[in-house]
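[1] the following comprises the amino acid sequence and a computationally predicted model.
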Amino acid sequence: MRILTFSLFFVIASVANAAAPNNPTVADQFVNAQVGELRFVLRKLGSKPFRVWRQTPAEISVLNAKGVLLQKLPVKVEIASPTFTFIDLNDDGYIDVLLYDACAGLPLCNGPTRSADVFLFTPKLGRFVKSKTLSNRGDISKSKATGCVAVNYENFASEFVDEEWCFDAGTGGWKITSSSGGETKN
C-alpha cells in the first residue's frame, strides 16, 4: 500500500513539475503610508526550473515605486509554483511578506501542508528581515489575538498540528502560546 501511495504521489508531482512556469513571480503591495507601495519580484538563480522536492536557489528583489532596488532576499524554492501572501503578522502597522515556496509535511502541498519563507518589515532598519521562527513551519494566517498568528500543517497522512505564535514587541521575537499536535482527525 505504501508503494502504491508513493507511486501515486510521484506521478502527480511529475505532472505538476512538467507544467511549472519559469517566469518571474511579481506582486505589488502597499506596505504602509511611510514605505508606500513596493514591488516584489521572485527570480530563480540559474537554469533549473522550480520543481517539487528540489531546492532551487532564487531571490526576491524588493523595488520601490520608481523601480529602484531596495533589497534582495535569498530563498530556496521547493515547489513548482511559489506564491506571495501579504499580511501584517505582528500588528505593527507594516505589511509583512510570506513566500509560499515549500511543502510542510505532505509532499504534494495539498491543504495545510505548504510552508513559507516569512519576512517581517522592521521599521528601525527600513528593511524586511527573515523570521527564523515562522519560516518553513506551515500555513500561516492571523489568529484572533492581537499580534498573533495561527500555523497549521499536516505532518503525516492523518496527523495535524495547529499552533499559535504571538509577537513580543519587547524582545522582538515570537513565542508559542498554544499547540495541539499529532492528534488524528477523522
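    Now that the structure is in, tell me what you want to look at. Computed from a prediction, not measured in an experiment: that's the story for all the values here. Numbers count the residues shown, from 1 in each chain.

[2] residues in contact with the residue nearest the centre of the chain?
    The residue lying closest to the centre of the chain (Cα atoms, centre = their mean) is residue 116, at 1.5 Å. Residue 116 makes contact with 85, 98, 99, 100, 101, 102, 134, 135, 136, 140 under the criterion Cβ atoms under 8 Å, 6 or more residues apart in numbering. C-beta coordinates here come from the backbone N, C-alpha and C atoms, glycine included.

[3] quick one: the fifth one from residue 59, how far?
    Note on residue 101: its distance to residue 59, by Cβ to Cβ, to the nearest Å, is 12 Å.

[4] and these two? which has more neighbours close in?
    The neighbour count for residue 101 versus residue 59, taken as other Cβ atoms under 10 Å, is higher for residue 101 (27 against 15).

[5] hmm, residue 77 and that one touching each other?
    Yes: using Cβ atoms under 8 Å, residue 101 is in contact with residue 77, at 4.4 Å.

[6] so what's residue 27 bridging to?
    Taking DSSP bridges as the rule, residue 27 bridges to residue 40.

[7] for it, give me its contacts.
    Residue 27 makes contacts with 39, 40, 84, 86, as judged by Cβ under 8 Å, 6+ apart.

[8] pull out the buried residues from the lengthiest strand in the chain.
    Scanning the chain for the strand with the most residues, using DSSP state E, yields strand 173-184. Across strand 173-184, burial judged by 16 or more other Cβ atoms under 10 Å covers residue 174.

[9] paired strands for it, with orientation please.
    strand 159-168 (antiparallel).

[10] ok, and what's touching the partner strand?
    Counting by Cβ under 8 Å, 6+ apart, 89-92, 112, 133-134, 137-138, 143, 145, 147-155, 173-185 sit against strand 159-168.

[11] all helices for this structure, in order.
    Taking DSSP state H as the test, the helices found in the chain are 2-18.

[12] quick one: low-confidence residue ranges for it.
    Residue ranges of the chain with pLDDT under 70: 1-22, 105-112, 155-158, 182-186.

[13] re the thing from before, would you turn the contacts of residue 27 into JSON lines with distance to residue 28 and neighbour count?
    Converted to JSON lines, those look like this (distance: Cβ to Cβ, whole Å; neighbours: other Cβ atoms under 10 Å):
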{"residue": "39", "distance to residue 28": "5", "neighbour count": "16"}
{"residue": "40", "distance to residue 28": "8", "neighbour count": "21"}
{"residue": "84", "distance to residue 28": "10", "neighbour count": "19"}
{"residue": "86", "distance to residue 28": "10", "neighbour count": "16"}
